[in-house]
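Chemist: Coordinates for the following, if possible.
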Amino acid sequence: MSKTITRTNRGKGFLAGTFQMGLYGRGFGSVAQNVHDGDTVNVSSNANFAIRFLAIDTPEISYQEPGSDRFLPSNHEVFVELLEAPFCKPGSTTGFSSALVSHIQSRSSATAAENHNRHAKAAEDKLEELIQGDIHDVGADKDSFQFFLAFAYEALDHFGRLLAYVYPNQANVPAAERKESYNQRILEVGLSSPYFIFPNVDPFRAQGSLINAALDAVSPHNILSKAPKLRKARDAVKAARRESIGLFAPGDPLQFDAFELRYLARGTPPTRWIINLGGDEQVLFHPQTYHNIPNAEDRLWVPEAFVSLFEASGWKRGPVPKEHA
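Modeler: Okay, the predicted model is just below:
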């Protein structure tokens with residue numbers, strides 16, 4: 001079954017979905033049993049939800065064909081051609097900076113799509129293995145196993161997917177013995193790139209006020225000093241790189257990150273600004289200069305809607321790169 005919340009007007013409208021009466025006992029409750037007061041009613045989902053793991057970005061198994069709603073495998077000839085010559089069509093560089101075009105072209109190849117799909121399948125297989133192992137470890141089966149979801153500032157993305165840190169439900173296990181999130185474990189085996197997006201990462205997701213979270217971020221050092229989970233995620237990626245595993249495998253590293261395939265397929269450049277967690281400047285770097293911060297774990301992405309909050313705390317926007325001629 002498809003997910004119960006979907007975009008309207010191809011993402012330009014709003015999220016909408018269908019639900020049914022909430023469960024009551026062993027079945028669906030009556031109207032009287034589900035209406036709590038004049039502005040609250042209990043409902044249940046009549047379809048599946050997808051959960052998008054926060055703070056990580058694995059290669060895409062499939063993606064939308066450019067100019068179409070059809071999803072194709074990421075090694076389909078459409079993507080082979082796209083990643084071999086991303087800017088071959090007239091007007092395809094419009095909106096892209098010269099430096100970003102050069103960066104992408106320097107990494108383009110006829111093998112990039114197959115490389116992407118191969119790493120995507122490895123991540124998919126590993127997540128299946130982790131979940132199956134957890135089902136066994138807790139003595140459950142597919143019908144009784146439960147996930148525990150920890151949400152951040154945003155609970156849904158623009159596709160209607162839940163946004164969360166996802167764990168096996170370990171309510172009866174002492175806190176010190178509980179397993180890490182799947183988000184973290186996929187990073188530890190080197191099969192995902194980090195994708196830290198404000199405000200859905202530590203320390204911001206724990207803040208009572210989004211404004212205070214941004215105002216308190218007076219430097220990259222200040223952010224990291226209050227973010228043990230963020231530091232742990234960054235350390236996992238650094239360790240995977242040192243060990244040359246997963247996306248960093250010698251002779252077969254990931255050629256294009258998932259977000260790069262997505263924006264190339266859309267034909268629009270990235271739009272989130274970036275804080276360099278590996279530096280000490282109070283600068284929000286332009287979205288199209290992300291490649292100047294070579295290690296993904298050093299990038300903290302800030303959507304345009306939140307940039308003014310950081311500017312109020314003293315952050316300055318970096319220069320806008322020259323657009324491609």
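Chemist: ok, residues contacting stretch 154-167?
Modeler: Stretch 154-167 is contacted by residues 3-7, 11, 15, 17, 49-55, 147-152, 178-183, 199-200 when judged by Cβ atoms under 8 Å, 6 or more residues apart in numbering. For the C-beta atoms, the positions are set from N, CA and C on the backbone; glycine is no exception.
Chemist: Need the distance between the two termini of it.
Modeler: End-to-end span of stretch 154-167 (Cα to Cα, to the nearest Å): 18 Å.
Chemist: Same question for stretch 103-113.
Modeler: 17 Å.
Chemist: pull the longest strand from this protein.
Modeler: Longest strand in the chain by number of residues, with DSSP state E as the criterion: strand 162-168.
Chemist: And the helices in the stretch 1-150 of the chain?
Modeler: For the stretch 1-150 of the chain, the helices defined by DSSP state H, counting those that start in this stretch occupy 31-34, 77-84, 98-107, 112-137.
Chemist: dump the residue contacts of Ala14.
Modeler: Actually, residue 14 is Phe rather than Ala. Phe14 neighbours (Cβ under 8 Å, 6+ apart): Arg7, Thr8.
Chemist: at 6 Å instead, please
Modeler: Listed by Cβ atoms under 6 Å, 6 or more residues apart in numbering, the contact partners of Phe14 are Thr8.
Chemist: per-residue confidence at it?
Modeler: Here, the pLDDT recorded for Phe14 equals 81.
Chemist: from the helices of the stretch 1-150 of the chain, which stretch is densest packed?
Modeler: For these, the largest average neighbour count (mean count of other Cβ atoms under 10 Å) is found in helix 77-84, namely a mean of 19.
Chemist: Determine the angle, from 0 to 180 degrees, between that helix and helix 98-107.
Modeler: Orientation of helix 77-84 against helix 98-107 (axes from the mean of the first three to the mean of the last three Cα atoms, to 10 degrees) gives an angle of 120 degrees.
Chemist: Now do helix 77-84: distance to the chain's middle.
Modeler: Relative to the centre of its chain, helix 77-84 is centred 23 Å away, using Cα atoms, centre = their mean, to the nearest Å.
Chemist: any residues touching it, and which ones?
Modeler: In contact with helix 77-84 (Cβ under 6 Å, 6+ apart) are residues Glu65, Leu72, Ser108, Ala110, Ala112, Ala113.
Chemist: Might you report the residue contacts of the fourth one?
Modeler: If I follow you right, that is Ala110. Ala110 makes contact with Glu84, according to Cβ under 6 Å, 6+ apart.
Chemist: thinking Val302 is in contact with Ile274, fair?
Modeler: No - using Cβ atoms under 6 Å, Val302 makes no contact with Ile274, being 7.0 Å away.
Chemist: Can you point out the buried residues in stretch 80-96?
Modeler: Using 16 or more other Cβ atoms under 10 Å as the burial criterion, the residues of stretch 80-96 that qualify are Val80, Leu82, Leu83, Pro86, Phe87, Ser92, Thr93, Phe96.
Chemist: Just confirm the last one contacts His324, I think it does.
Modeler: Think Phe96. Yes - here Phe96 reaches His324: they are 5.1 Å apart, a contact under Cβ under 6 Å.
Chemist: related to what we said a few turns ago, could you save the buried residues of stretch 80-96 as JSON lines and add columns showing distance to Val307 and pLDDT?
Modeler: Below are the buried residues of stretch 80-96 laid out as JSON lines (distance: Cβ to Cβ, whole Å; pLDDT from 0 to 100):
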{"residue": "Val80", "distance to Val307": "36", "pLDDT": "98"}
{"residue": "Leu82", "distance to Val307": "30", "pLDDT": "98"}
{"residue": "Leu83", "distance to Val307": "30", "pLDDT": "98"}
{"residue": "Pro86", "distance to Val307": "27", "pLDDT": "97"}
{"residue": "Phe87", "distance to Val307": "28", "pLDDT": "97"}
{"residue": "Ser92", "distance to Val307": "27", "pLDDT": "95"}
{"residue": "Thr93", "distance to Val307": "25", "pLDDT": "96"}
{"residue": "Phe96", "distance to Val307": "20", "pLDDT": "98"}
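Chemist: picking that back up, kindly indicate which of the contacts of helix 77-84 lies nearest Asn169.
Modeler: Nearest to Asn169, judged by Cβ to Cβ, of the contacts of helix 77-84 is Leu72 at 34.8 Å.
Chemist: quick one, what contacts the closest one?
Modeler: Contacts of Leu72 (Cβ under 6 Å, 6+ apart): Ser62, Glu65, Val78.
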